[in-house]
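>>> make a model of this:
(one chain, ligands or ions: 1)
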Amino acid sequence: MANPSNGRVALVTGASRGIGRAIALGLAEEGYDVVINDIERQSVQLDGVAGEIRAKGRKAWPVFADVSSKAEVEAMVAKALAEAVKIDAVVNNAGILIAKPVDTLEEREWDAVLDVNAKGTFLVIQALLPHFKARKYGRIVNIASIGGKHGAPEQAHYSASKAAVMGFTRVLAQEVGPFGITANCICPGIIVTDMGRTNLEVKEIADRWIANTALARLGQPEDVAGPVCFFASDASAFVTGQTLNVCGGIVLT
Ligand SMILES: NC(=O)c1ccc[n+]([C@@H]2O[C@H](COP(=O)([O-])OP(=O)(O)OC[C@H]3O[C@@H](n4cnc5c(N)ncnc54)[C@H](O)[C@@H]3O)[C@@H](O)[C@H]2O)c1
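The predicted model follows:
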């Protein structure tokens with residue numbers, strides 16, 4: 001049985017599947033009503049997540065936008081505020097990974113990954129800041145990656161995009177702190193999702209990740225939801241500008 005309403009509304013991007021879906025459901029479990037975003041192509045899956053949130057007794061508003069488009073993000077935030085009236089917390093989770101070595105990586109592939117992962121995070125925050133500042137309240141949780149700290153071959157552009165998210169969040173926290181807004185990052189480790197499977201296609205590689213993880217297992221999307229709920233809540237009111245690894249204790253070698 002989910003907790004009763006806590007009177008808060010959260011916006012989660014890329015919420016139709018994987019980690020975003022688990023975060024949206026985890027927040028609903030904690031009593032948040034949730035605005036869930038994804039690209040229009042994911043409409044069936046997004047509607048499914050909306051149904052799961054409503055089954056917990058919470059409100060859900062699906063909103064489409066490609067987070068790399070300023071116009072679509074602004075329209076999404078306007079629609080979200082028109083329907084949900086307010087947003088207390090935002091989780092920038094939408095992301096893509098195109099595995100390719102640097103020497104054959106095409107410019108458009110570099111741009112696509114940086115545009116969704118890094119620029120998308122900036123655009124969503126920029127669109128929401130007037131609302132957060134006016135209310136002198138906001139909880140920002142940006143999903144980066146241990147790949148942004150260490151990374152793996154064929155992920156240079158992905159690593160760059162996630163390092164950008166961490167740097168952006170550290171400075172953002174300093175700018176918005178005086179307005180009662182916190183901004184923190186989470187770096188998931190290897191999580192079993194459509195994207196995570198990119199790191200797990202070869203059994204030896206999957207086994208090596210498990211062997212290098214203190215908890216001796218891969219992560220599940222639900223493993224990321226709890227730490228996100230902490231950063232979205234008032235339990236973390238004096239925590240900002242921080243980056244937390246949620247990786248089962250991976251030893252980065
Ligand atoms: N799975 C992992 O091992 C892992 C590890 C570290 C970090 N992450 C990060 O966690 C986040 C979620 O990843 P996941 O594993 O659940 O991946 P996923 O591919 O399963 O889900 C990503 C979601 O983002 C959506 N999305 C993609 N582009 C979008 C856009 N332009 N606008 C709006 N939505 C868009 C997709 O439709 C999808 O629903 C990503 O930011 C990813 O980089 C994942």
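
>>> could I get the contacting residues of the residue nearest the centre of the chain?
In the chain, the residue lying closest to the centroid (C-alpha atoms, centre = their mean) is N93, at 1.9 Å. Applying C-beta atoms under 8 Å, 6 or more residues apart in numbering to N93 gives the contacts 12-15, 19-20, 23, 143. Every C-beta, even on glycine, is put in place using the N, C-alpha and C of the backbone.

>>> for those residues, which one is nearest G51?
Using C-beta to C-beta, A15 comes nearest to G51 of these, at 12.7 Å.

>>> what is the burial count for the nearest residue to that closest one once chain neighbours are set aside?
Nearest in space to A15, with sequence neighbours left out and distances taken as C-beta to C-beta, 6 or more residues apart in numbering, is I36 at 3.8 Å. Counted with other C-beta atoms under 10 Å, the neighbours of I36 add up to 30.

>>> mind checking the SS state of I36?
Per DSSP: H, G, I helix; E, B strand; the rest coil, the local secondary structure of I36 is strand.

>>> I'd like to know how far it sits from the ligand.
Remark: distance between I36 and the ligand (C-beta to the nearest ligand atom, to the nearest Å) = 10 Å.

>>> run a quick check on that residue versus E52, I expect a contact.
No: the criterion here is C-beta atoms under 8 Å, and I36 misses it with E52 at 10.0 Å.

>>> hmm, back to that, check the contacts of N93 against the ligand, which are close?
Of the residues in the contacts of N93, proximity to the ligand by C-beta under 6 Å from any ligand atom holds for 13-14, 19-20, 143.

>>> in the helix ranked longest in the chain, which residues are buried?
Longest helix in the chain, counting residues (DSSP state H): helix 156-176. For helix 156-176, burial by neighbour count (16 or more other C-beta atoms under 10 Å) applies to 156-166, 168-170, 172-173, 176.
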